[in-house]
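In: after the sequence you'll find the predicted model.
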Protein chains: 2
Amino acid sequence: MPEIRKPQLIKATMQAIDSTGLQKASVAIISRYAGVSPAIINHYFGGKDGLLEATMRSVLKDLSDAVRDRLGDTDPNDVVARIKAIVGGNFDSSQLDSKVVKTWLAFWSQAMHHHALFRLQRVNEQRLLSHLRRELKRVMEPERAQFVAQGIAALIDGIWLRGALTPGGINGELAQRIITDYLERQLPPSAITEHRLTRTAR
Amino acid sequence: MPEIRKPQLIKATMQAIDSTGLQKASVAIISRYAGVSPAIINHYFGGKDGLLEATMRSVLKDLSDAVRDRLGDTDPNDVVARIKAIVGGNFDSSQLDSKVVKTWLAFWSQAMHHHALFRLQRVNEQRLLSHLRRELKRVMEPERAQFVAQGIAALIDGIWLRGALTPGGINGELAQRIITDYLERQLPPSAITEHRLTRTAR
DNA sequence: TTTTATTAAATGACTATTTAATTAAAAAAG
DNA sequence: CTTTTTTAATTAAATAGTCATTTAATAAAA
């Protein structure tokens, strides 16, 4: 029993949001994108809300996967590389697609009035902070690590948000440069040395 | 002929967005907040779109005013103070109000599908960048000034966006600390000295 | 008297969801 | 294997409601 309809409808939801905005993404329009009857949304998701929640879950999972994959490819002791992996995951090409960007933003504003979406978004927000803090704590005091983590997280979201409004879209490469620059100016000299030694030693 | 209705309806629009979200902010609900008939929205704004555009204009103007006021109180030669004024304006108490934050975010996501709103938002985005760049160019090379301006702008928007999802709201004081810290690490030593001398000299 | 402000009511289009019916697939029984 | 029975998938149509906007009328102001 291959559940083909659910991903199909989630993709259609993102297409609808991309082309007309969440405001006008009615079940009629979404189901038309998927080439099925509107009633099928209720059958598989229990209603429009269920579909929207599932769509957001899907977007969050893709981001989470992109970060996890990149972290898996780094030396567990190379703090700088790991932070760059986290940043890179957030600016992965899968995250820069217009469909995905507009869906993200739509849900971000929607989350403030929808308990379920709010909770999802908040977990995601805290996870980014937690990932960054865990790495930073290895090269600076905890309090400072928390501070810098908030800075990096803000840079990620801010660059992403500003890019969403730019006609050309998000410049992932520039994003990496800005955040790497920030990170290097925050690291104590000892951490940079340690990092380089570690990398050389392997 | 005191045009009392327009600001009244704009305020009602923000109240509606604050309590139910833009999605459900119908002309019926908005006009109920204002205590008038729905038809009056068409009379004064030509339609719902006109009202939304006017509301966004109002929000943008409040931000612009907050920045301009603070810039007016600084020494034109004190670069650091002026950048802090720009940042401070963006985190002015008027900008941290729940009504305003939710309205901002709603329009941000709406702008992608609405020519008029997109243009407004983009002008605002570019103005922040331009303000920052103008100041930074006095203490670093133009190319670097552009780079740092993008960093500060991203930090402002990122902290603001993340704060919007936080139950406690935006922490304006922490925002200033993070951004000031960023700025100080970007300034060449000469600029810091210059700044301090200028301030002492007055 | 002419214009402006305001509203109640009507309009027609669109909303999400439900119902009932139909088709296709899977399971069970022969 | 077939045939029958049961379950799941899918839809067209109906429902009840909300949407923004228009119309026509009334009240107020100029």
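Out: Nice, I can see it.
In: mind listing the helices for chain A?
Out: When secondary structure is read from DSSP state H, chain A shows helices at A:5-20, A:27-34, A:39-45, A:48-72, A:79-90, A:93-96, A:98-110, A:115-136, A:142-165, A:172-186, A:189-201.
In: adding mean neighbour count and distance to DNA strand C, write those out as CSV.
Out: From N, CA and C alone the C-beta is placed, and that goes for glycine too. Formatted as CSV, these follow (neighbours: other CB atoms under 10 Å in any protein chain shown; distance: least, CB to the nearest atom of the strand, whole Å):
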stretch, mean neighbour count, distance to DNA strand C
helix A:5-20, 20, 9
helix A:27-34, 18, 4
helix A:39-45, 15, 4
helix A:48-72, 17, 3
helix A:79-90, 22, 30
helix A:93-96, 15, 26
helix A:98-110, 21, 13
helix A:115-136, 17, 13
helix A:142-165, 21, 24
helix A:172-186, 17, 33
helix A:189-201, 12, 51
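In: comparing those by mean pLDDT, which bottoms out?
Out: Among the helices of chain A, helix A:189-201 carries the lowest mean pLDDT, a mean of 55.
In: closest one to chain B among the helices of chain A?
Out: helix A:142-165 (2.7 Å; CB to the nearest CB).
In: say whether chain B is contacted by that closest one.
Out: Yes: using CB under 8 Å from any CB of the partner chain, helix A:142-165 reaches chain B at A:147, A:150-151, A:153-159, A:161-162, A:164-165.
In: need the residues of chain A near chain B, please.
Out: Selection of chain A residues close to chain B by CB under 8 Å from any CB yields A:20-24, A:102, A:105-106, A:108-114, A:118, A:121-122, A:125, A:147, A:150-151, A:153-159, A:161-162, A:164-165, A:174, A:177-178, A:181-182, A:185-186.
In: tell me, what residue is most central in chain A?
Out: Nearest to the mean C-alpha position of chain A, counting by CA atoms, centre = their mean, stands residue A:63 at 4.2 Å.
In: OK, contacts around that one?
Out: Residue A:63 makes contacts with A:89, A:90, A:92, A:95, A:124, as judged by CB atoms under 8 Å, 6 or more residues apart in numbering or on different chains.
In: let's see that with 7 Å instead.
Out: A:90, A:95 (CB atoms under 7 Å, 6 or more residues apart in numbering or on different chains).
In: any idea how far it lies from residue A:165?
Out: 20 Å (CB to CB, to the nearest Å).
In: ok, residue A:92 next?
Out: From residue A:92 to residue A:165 the distance is 20 Å (CB to CB).
In: same question, residue A:65
Out: Per CB to CB, residue A:65 is found 26 Å from residue A:165.
In: DNA strand D contacts on chain A?
Out: Taking CB under 7 Å from any atom of the strand as the contact definition, chain A meets DNA strand D at A:1, A:5, A:35, A:36, A:37, A:38, A:39, A:40, A:43.
In: among these, which two are most distant?
Out: A:1 and A:38 (22.7 Å; CB to CB).
In: what's around residue A:77, how many residues?
Out: Residue A:77 has 14 neighbouring residues, counting by other CB atoms under 10 Å in any protein chain shown.
In: state the phi and psi torsions of residue A:47.
Out: Taking degrees, to the nearest 10, you get phi 150, psi 170 for the backbone angles of residue A:47.
In: which residue is the nearest non-sequential neighbour of it?
Out: residue A:41 (7.3 Å; CB to CB, 6 or more residues apart in numbering or on different chains).
In: same thing with residue A:142?
Out: residue A:133 (8.0 Å).
In: roughly how far does the one you found sit from residue A:90?
Out: 15 Å.
In: again with residue A:71
Out: From residue A:71 over to residue A:90 (counting by CB to CB), the distance is 12 Å.
In: any common contacting residues for the two?
Out: Joint contacts of residue A:71 and residue A:90 (CB under 7 Å, 6+ apart) do not exist.
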